[in-house]
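[1] A predicted structure for the sequence below; I have some questions about it.
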Amino acid sequence: MNIARFAFSRVHALYRNRGLIALIVSLGALAILAVVMGRWGAELLVAATGTDLGGLLGEPSTVVTWQQWMSNLNQIVLLVVAVWAGYTTFTLRRDGAATGILTKPRSRADVLHTSWLVPSLLAIGISALVSLAVAITSNVLYSDTSWGALAGSFGLWALNALVWAAFGSLAGVLAPSMIAAVTVPLVAVLLGGILSALPTVADHSFVGLFPQSTNILEATVEPWLAVGTGIAAICIAIYAAGAVFTREDL
């Protein structure tokens, strides 16, 4: 088994199980929802409540539409990526894949990281394409798109997705059961989102990637500390997961 073939087998398995199709359809629906809420959300809110609450969503603009979209990615897609990573790594460990593989060029850790990176990168890649569609639609509607700001916003979200996917892989390696492998990364993402509401924590750690990816168009805090701690968290989780996974075969 070589790594390229193993990676292709992961993609094929996702396609065969309709995982990719479900992800594409779901992201498309979220994108449509973001555009609709960004353009007509205030009017729908007024019509539904009968009160003047439309101002809560602001005037229709690229900022409003993009923030709706990034909120969808943060609230839903991050959970999918983290749980997916936990599930795939636990399954790999449970089924005994890569047992006896300890040497280059296909180490046991290589197989482990390929198993969770493939679906994670696919999810990020598909999200990037749908994000481009949202950005283009917003530009057509409002002609006020700041492409650099939108790209920076998505880049912060993609880094955040890799952070939680790496934690998910570690959870899958350490978990005693499938339920734990899925629940731990799920709870971790939710907890990270809650902590991101605390300014002191958000400004000095990777949980700040939650609000910074959503509010980059009107950012008041530089994202470099969140980016640095996020990269550090990914490296630590990858190393720890690989070390534990390899030790089990010794």
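    Yep, that arrived. Because the structure is a prediction, the values reported are computed rather than measured.
[2] buried ones in the strand or helix carrying Phe167?
    Using DSSP states H and E, Phe167 falls within helix 147-174. Buried positions in helix 147-174, judged by neighbour count with 16 or more other C-beta atoms under 10 Å: 149-150, 152-154, 156-174. No exception for glycine: its C-beta is placed from N, CA and C like everyone else's.
[3] any idea of the mean pLDDT for that helix?
    Computed over helix 147-174, the mean pLDDT rounds to 94.
[4] which ones are touching Thr229?
    204-206 (C-beta atoms under 8 Å, 6 or more residues apart in numbering).
[5] tabulate these (TSV), appending distance to Ala188.
    Below are the contacts of Thr229 laid out as TSV (distance: C-beta to C-beta, whole Å):
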residue	distance to Ala188
His204	18
Ser205	13
Phe206	12
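[6] give the buried subset of those residues as a PyMOL selection command.
    Typed into PyMOL, the next command selects the buried ones out of the contacts of Thr229 (criterion: 16+ other C-beta under 10 Å):
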select buried, resi 205+206
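[7] least confident pick among the contacts of Thr229?
    His204 (91).
[8] so where's the protein shaky on pLDDT?
    Along the chain, segments meeting pLDDT under 70 span 1-3, 6, 8-13, 15-17, 49-58, 96-106, 218-220, 248-250.
[9] re earlier: which of the contacts of Thr229 fall in helices?
    His204 (DSSP state H).
[10] just curious, which of the contacts of Thr229 is nearest to Leu190?
    Phe206 (15.2 Å; C-beta to C-beta).
[11] tell me the contacts of Arg39?
    60, 65, 141.
[12] compare those residues and tell me which is most surrounded.
    Thr65 (25 neighbours; other C-beta atoms under 10 Å).
[13] hmm, that one is touching Ile32, no?
    No - the pair Thr65 and Ile32 fails to qualify as a contact (C-beta atoms under 8 Å) at a distance of 11.2 Å.
[14] which parts of this protein are helices?
    3-16, 19-49, 62-72, 78-94, 108-142, 147-174, 178-195, 199-204, 209-214, 224-247.
[15] how about the longest one: buried residues?
    The neighbour-count check on helix 108-142 (16+ other C-beta under 10 Å) flags 108-124, 126-127, 130-131, 134-135, 137-138, 141-142 as buried.
[16] quick one: it to chain centroid distance?
    Computed by C-alpha atoms, centre = their mean, to the nearest Å, the chain-centroid distance of helix 108-142 equals 8 Å.
[17] that helix - contacts with which helices or strands?
    Judged by 3 or more C-beta pairs under 8 Å, 6 or more residues apart in numbering; DSSP states H and E, the packing partners of helix 108-142 are helix 3-16, helix 19-49, helix 62-72, helix 78-94, helix 147-174, helix 224-247.
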